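*Asks:* The following comprises the amino acid sequence and a computationally predicted model.
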Amino acid sequence: MDECIHGLGPVSACTVCNGRDERERTEASERPRVFPAKYAGQCAACNLPITIGQPIAWLPDRPVTHEGCAHA
């Protein structure tokens, strides 16, 4: 059995060697972060107001939207 160069056991178990680390990072970067709005604003998707405390979705380099609008 081949050992991982990272010292994490067999190559098949190492998330770096088997590529799972990169896949998970890519998938996570495509999912918006959802959290309560700290400020009032306007949804870039539906153009309706965002109120303080309302769940919003955020991704780097993209405008903020309502949580529901991010999945539409």
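*Replies:* Perfect, I can see it now.
*Asks:* Please enumerate the strands of the protein.
*Replies:* With strands called from DSSP state E, the chain shows them at 33-36, 41-42, 49-50, 55-58, 65-66.
*Asks:* Just send the ones you listed back as CSV, with mean neighbour count, distance to residue 11 and mean pLDDT too.
*Replies:* Heads up, the C-betas are built off the backbone N, CA and C, glycines and all. Below are those laid out as CSV (neighbours: other C-beta atoms under 10 Å; distance: least, C-beta to C-beta, whole Å; pLDDT from 0 to 100):
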stretch, mean neighbour count, distance to residue 11, mean pLDDT
strand 33-36, 11, 32, 92
strand 41-42, 14, 47, 95
strand 49-50, 16, 47, 96
strand 55-58, 18, 36, 93
strand 65-66, 22, 41, 94
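*Asks:* which one of those lies closest to residue 4?
*Replies:* Closest to residue 4 of the strands of the chain is strand 33-36 (C-beta to C-beta; 31.0 Å).
*Asks:* how about the strands of the chain in a markdown table, adding distance to residue 9?
*Replies:* Output for the strands of the chain, formatted as a markdown table (distance: least, C-beta to C-beta, whole Å):
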| stretch | distance to residue 9 |
| --- | --- |
| strand 33-36 | 32 |
| strand 41-42 | 48 |
| strand 49-50 | 47 |
| strand 55-58 | 37 |
| strand 65-66 | 42 |
